[in-house]
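Chemist: here is the input, now give the coordinates:
(one chain, ligands or ions: 1)
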Amino acid sequence: MKYIGNKTRLLDFIERSITESKIPFNGTFCDIFGGTGSVGKHFKDKGFKVISNDLMTYSYIIQYVLVYLNQMPMFDKLALGDVKAVFQFLNNLEPIEGYVFENYAPSGSYGRQYFSDINAKRIDAIREQIQNWYNDDMLSTDEYFVLLSSLIDAADFVANISGTYGAYLKIWRSMALKPLTLRIPEIKNNNRPNEIYQEDANCLIKKIKCDVLYIDPPYNERQYASNFHVLESLAVWDKQTLFGKTGQRDYTSKKSRYCLKGEALGAFSELIDCAETKYIIISYNNEGIIPREKLIKILEKRGEVKEYTTNYRRFRTERDHEHRKYKNCNDKVVEHLYIVKVN
Ligand SMILES: C[S@@+](CC[C@H](N)C(=O)[O-])C[C@H]1O[C@@H](n2cnc3c(N)ncnc32)[C@H](O)[C@@H]1O
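Modeler: Next up, the predicted model:
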């Protein structure tokens, strides 16, 4: 999934750094800013019990399936056959003109181009069917989230964007013209009672204990709620009246302090002070709102800090132009990993 700060390509680096720090691969690993769930899933597969969290609903649903669940539910009540048959049924639904078509497709009321007309209609048909099944008590929560997670993933795959939903493209990218298809997610079993939350990290931290606390907060001013608003609309399905050219949701309650220059440092400091854990691991890059020296000072209050770095090609949504905000040779950023053994 294209996602600001997605750590999929840094998993080896993170795992190597943890191994070098002699942190045992068991106990409880908390991914408190889970995003796509890539880190939580990786360390679930390595033997940890995982606690996963994020503020956003689409992220919660994706992590519910990837990290929290240990087996595929059976979809018994639908009586359509096996899981494959359920996905086939949804993939073959007659497309309909609904909320997604109306708000995010070129022939809808606002001419937005997030999805082709036909894919928007497919999403509408599938999303309505899933919701009707759930409302009619034909799906368990696990089943509901398996289907929603697959739809969010499939919709993101055919979205006509260059990286975030901050804007749609005027020209159709080839992927956006491919037919939307739901795929059955792979669910791995770590035989551990994983936990999943959708809370502000600074609230959750006061309620949990873990062995390894992994912190991958937003590092710039781009709010996830406004950059991934289309996925949030699909996940929540509250059919809000959208505003502006790009069709934003009201995201007042989802604003992150970590994206605000005046508040990120205070929020981070509070999070670190409240952590009940043996190790703290932080991903942050050299262009983050919080300066490196200040970040280290906060961490040093809890124990000795080791720093690991790697060069990394940035997640890029902005084209090259004279006033481009983030300029750096070859689009390389330095990704830092700080590991603290808590005293
Ligand atoms: C850098 S991304 C995490 C990326 C993730 N490690 C991955 O590999 O996909 C930061 C995440 O923090 C979430 N977030 C922002 N503020 C938050 C808060 N106060 N509490 C919990 N999650 C928050 C965002 O929604 C976003 O998904």
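Chemist: near the ligand, which residues of the protein? Just list them.
Modeler: Residues of the chain lying near the ligand by Cβ under 6 Å from any ligand atom: 3, 5-7, 33, 35-36, 38-39, 53-56, 59, 200-201, 216-218, 224, 256, 258. Placement of C-beta: from N, CA and C, glycine included.
Chemist: what's the average pLDDT for the top helix by length along the chain?
Modeler: Counting by DSSP state H, the longest helix found in the chain is helix 117-135. For helix 117-135, mean pLDDT is 98.
Chemist: which residues does it contact?
Modeler: For helix 117-135, contacts defined as Cβ atoms under 8 Å, 6 or more residues apart in numbering pick out 78, 90-91, 93-101, 104-108, 114-115, 139, 144, 147-148, 151, 155, 158, 176, 179-180, 182, 234, 237.
Chemist: output it as CSV, nothing but the C-alphas.
Modeler: Output of helix 117-135 as CSV, limited to C-alpha atoms (Å, rounded to 0.1, in the frame of the first residue of the first chain):
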residue,chain,number,x,y,z
ASP,A,117,-16.9,5.4,-13.1
ILE,A,118,-17.1,1.6,-13.3
ASN,A,119,-14.7,1.0,-10.4
ALA,A,120,-16.7,3.5,-8.2
LYS,A,121,-19.9,1.6,-9.0
ARG,A,122,-18.2,-1.7,-8.1
ILE,A,123,-17.0,-0.3,-4.8
ASP,A,124,-20.6,1.0,-4.1
ALA,A,125,-22.1,-2.4,-4.8
ILE,A,126,-19.6,-4.3,-2.7
ARG,A,127,-19.6,-1.8,0.2
GLU,A,128,-23.4,-1.8,0.4
GLN,A,129,-23.6,-5.6,0.3
ILE,A,130,-21.0,-5.9,3.1
GLN,A,131,-22.9,-3.4,5.2
ASN,A,132,-26.3,-5.0,4.6
TRP,A,133,-24.9,-8.4,5.6
TYR,A,134,-23.4,-7.0,8.8
ASN,A,135,-26.6,-5.0,9.7
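Chemist: what is the subsequent helix or strand relative to that helix?
Modeler: Downstream of helix 117-135, the next assigned helix or strand under DSSP states H and E is helix 141-157.
Chemist: check which helices and strands the next helix or strand after that next one sits against.
Modeler: Once the chain leaves helix 141-157, the next helix or strand it forms, by DSSP H and E, is strand 195-197. For strand 195-197, the contact count by 3 or more Cβ pairs under 8 Å, 6 or more residues apart in numbering; DSSP states H and E identifies strand 49-53, helix 57-63 as packing neighbours.
Chemist: now the end-to-end length of stretch 192-199.
Modeler: 22 Å (Cα to Cα, to the nearest Å).
Chemist: now it: buried residues?
Modeler: N194, E195, I196, Y197, Q198 (16 or more other Cβ atoms under 10 Å).
Chemist: and the closest residue to the third one other than its chain neighbours, how far is that from the ligand?
Modeler: The shortest distance from I196 to any residue other than its chain neighbours is 4.0 Å, reached at Y68 (Cβ to Cβ, 6 or more residues apart in numbering). Here Y68 is placed at a distance of 15 Å from the ligand (Cβ to the nearest ligand atom, to the nearest Å).
Chemist: check R122 too.
Modeler: In terms of Cβ to the nearest ligand atom, R122 sits 26 Å off from the ligand.
Chemist: neighbours of that residue, how many?
Modeler: 28 (other Cβ atoms under 10 Å).
Chemist: now V67
Modeler: 29.
Chemist: then L148?
Modeler: L148: 25 neighbours (other Cβ under 10 Å).
Chemist: that one against L231, yeah?
Modeler: No: using Cβ atoms under 8 Å, L148 is not in contact with L231, being 10.6 Å away.
Chemist: residues in contact with the closest residue in space to N190 that isn't next to it in sequence?
Modeler: Sequence neighbours aside, K44 is the residue nearest to N190 in space, at 4.9 Å (criterion: Cβ to Cβ, 6+ apart). K44 is in contact with F29, V50, L66, V67, K188, N190, R192, N194, counting by Cβ under 8 Å, 6+ apart.
Chemist: go with 7 Å
Modeler: For K44, the contacting residues are V50, V67, K188, N190, N194, by Cβ atoms under 7 Å, 6 or more residues apart in numbering.
Chemist: I'd guessed the last one sits against Y68; true?
Modeler: Yes: using Cβ atoms under 7 Å, N194 and Y68 qualify as a contacting pair, with a distance of 4.8 Å.
Chemist: the nearest residue to T57 once chain neighbours are set aside in helix, strand or coil?
Modeler: Once flanking residues are discounted, T57 sits nearest to A235: 4.2 Å by Cβ to Cβ, 6+ apart. Here A235 is helix, with the state taken from DSSP: H, G, I helix; E, B strand; the rest coil.
Chemist: what pLDDT is listed against A235?
Modeler: Looking at A235, its pLDDT stands at 98.
Chemist: what about it, how many neighbours?
Modeler: 22.
Chemist: tell me the spacing between the closest residue to the ligand within the stretch 201-343 of the chain and A264.
Modeler: Going by Cβ to the nearest ligand atom, the ligand is nearest to S256 of the stretch 201-343 of the chain, at 3.1 Å. Distance of S256 to A264, given as Cβ to Cβ, to the nearest Å: 9 Å.
Chemist: just I96 next, same as before
Modeler: Distance, I96 to A264, by Cβ to Cβ: 43 Å.
Chemist: which of these two has more residues huddled nearby?
Modeler: Ranked by neighbour count (other Cβ under 10 Å), I96 and A264 place A264 first, with 23 against 17.
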